[in-house]
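>>> what's the 3D shape of this:
(chains A, B and C)
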Amino acid sequence: MSANGHPRTHRLLTAGDFRSVFDQVEAKAAFPQCLLLARRSQTGQARLGFIISKKNVRTAVGRNRIKRIAREVFRLNYDTLPPIDIILLGRKGLDGLSNEELHKTFAKQFRKVSRRWLKEQEGSVEKSES
RNA sequence: UGAGUCGGCCAGGCAAUCGCUGCUUCGUAAGAAGGAGAGGAAAGUCCGGGCUCCACAGGGCAGGGUGCCAGAUAACGUCUGGGCGGCGAAAGCCGACGGAAAGUGCAGCAGAAAGGAAACCGCCGUCCGCAAGGGCGGUAAGGGUGAAAAGGUGCGGUAAGAGCGCACCGCAGUCCUGGUAACAGGGCUGGCGAUGGUAAACCCCACCCGGAGCAAGGCCAAAUAGGGUCCCAUUAGGCGUGGCCCGCGCUGGGACCGGGUAGGCUGCUUGACCUUGAGGGUGACCUCAAGGCUAGACGAAUGAUUGCCCAAGACAGAACCCGGCUUACCGGCCGGCUCACACU
RNA sequence: UGGGCCGUCGCCAAGUGGUAAGGCAACGGGUUUUGAUCCCGUCAUUCGCAGGUUCGAAUCCUGCCGGCCCAG
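Here you go, the predicted model:
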């Protein structure tokens, strides 16, 4: 497997995977068009899942475009990410962004959420030690 | 050339890098290579069919659909050809286009009267009266109301009128001719107080329709889940707690058998298929021959970035598969036909 | 994927062939010293949109648009 691939082991697959993240959110990152939730992955690898409703992004083409770009960004930045499961929740107006804007914001938000998660982990370790 | 009209087609291209999903080949494997990878609407889910399971002797009722005729088709509410009606100068376009003498119902307001009826203003005759006017009778041409008032126009006729008579048109009946038929054309008869409108009102007539859907259905199949049969234990033993005993809590062990949840596999793409040619048919379409294989995912693949070119890229993403309909859509190309103008 | 329901004033709604009830809100006026209450008045011509049937359509028919719910 090449280092830059995006195989199925890097995705959230079943309803159980999604539930585990929702039940215990360890880090969040938000901006007006979108919300990211994250928690430690059980597989030891970073994984990505999407929830984009028909209500927020009208056409199937629009939803596909967002998922493709997010995956692309995830794939290219895979090496920098800690082993966490990330859920990307789409909000209204997400389809209003251009490809270039999506690239920029997704890259930024992935960095943000992983940074926050690492901080959270340090904090919880300290707490448990003390 | 312009205007109109009808039909068909295209839906950015190329290159580099990094990716995604099947398939084939190689490889023990990791993986590598090759080749393939959304649409004309993939959409809405409005019809029709295949496929699968369930139900079913046959027939009928109920309910729903279709509705000029003939054909095409697996089938259709689709398509083709024809008829009739409407629009248009024409090409052409549009039409739920069966039945109102089988029955029931409905029609506000206006109007005399809204259906087996009737006479408000009138017109005419006659009687009474000096007159104004009134009584009785005839009439339905004119006025008025209405969406709609029981043939239309003209001439004759009459007291005034009226299919009362005649001509033409319309209507009804009947016969003939053409046509598979819808229907068209013609002759004769009736004189038209018969038969008004509405069936996307109930209804009648003809024809059609069993129900559910690929999350259908089939196969495999975890668990401290749970059923059955047999064998072995029987108040012992086992398991948990604990270092051990007591105590406390829980009850068997083994084999086999089907059912089946999570989950997985399958159904899943070779088909009413596509291309070319020949033949039949006005046409929709059909037949034959040769060649071809053209997405098959399952949180769901066909993308991203950069560069170049141009006519500057719309609407939009397969989810079992087909045939239609409808809706969305930047722009471009080709062809048929009609009309107008100009030239030869 | 399949099935069902609903769109009528700013909000809740009745009306199912004869010209759109009612309540709340809003606005104007009256009563009151003022306010609340109460009384009177005003408020729908795109009845989700577009066609059609009919003399006449919110109502009947057809096609769209939007919203909601259910099954697995």
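
>>> tell me the secondary structure for the closest residue to A:P82 other than its chain neighbours?
Among residues not flanking A:P82 along the chain, A:S114 sits closest, at 5.3 Å (C-beta to C-beta, 6 or more residues apart in numbering). Glycine gets a C-beta too; all of them are placed from N, C-alpha and C. Under DSSP: H, G, I helix; E, B strand; the rest coil, A:S114 falls in the helix class.

>>> any idea of the pLDDT on A:S114?
At A:S114, the predicted lDDT confidence score is 88.

>>> Would you map the helices across chain A?
For chain A, the helices defined by DSSP state H occupy A:15-23, A:60-76, A:99-129.

>>> Around A:E72, count how many other residues there are.
Neighbours of A:E72 under the rule other C-beta atoms under 10 Å: 15.

>>> Please name the residues that touch the residue nearest the centre of chain A.
Taking C-alpha atoms, centre = their mean, the centroid of chain A lies closest to A:I86, which sits 3.5 Å from it. If a contact means C-beta atoms under 8 Å, 6 or more residues apart in numbering, then A:I86 has A:36-38, A:46-49, A:74, A:110, A:113 as its contacts.
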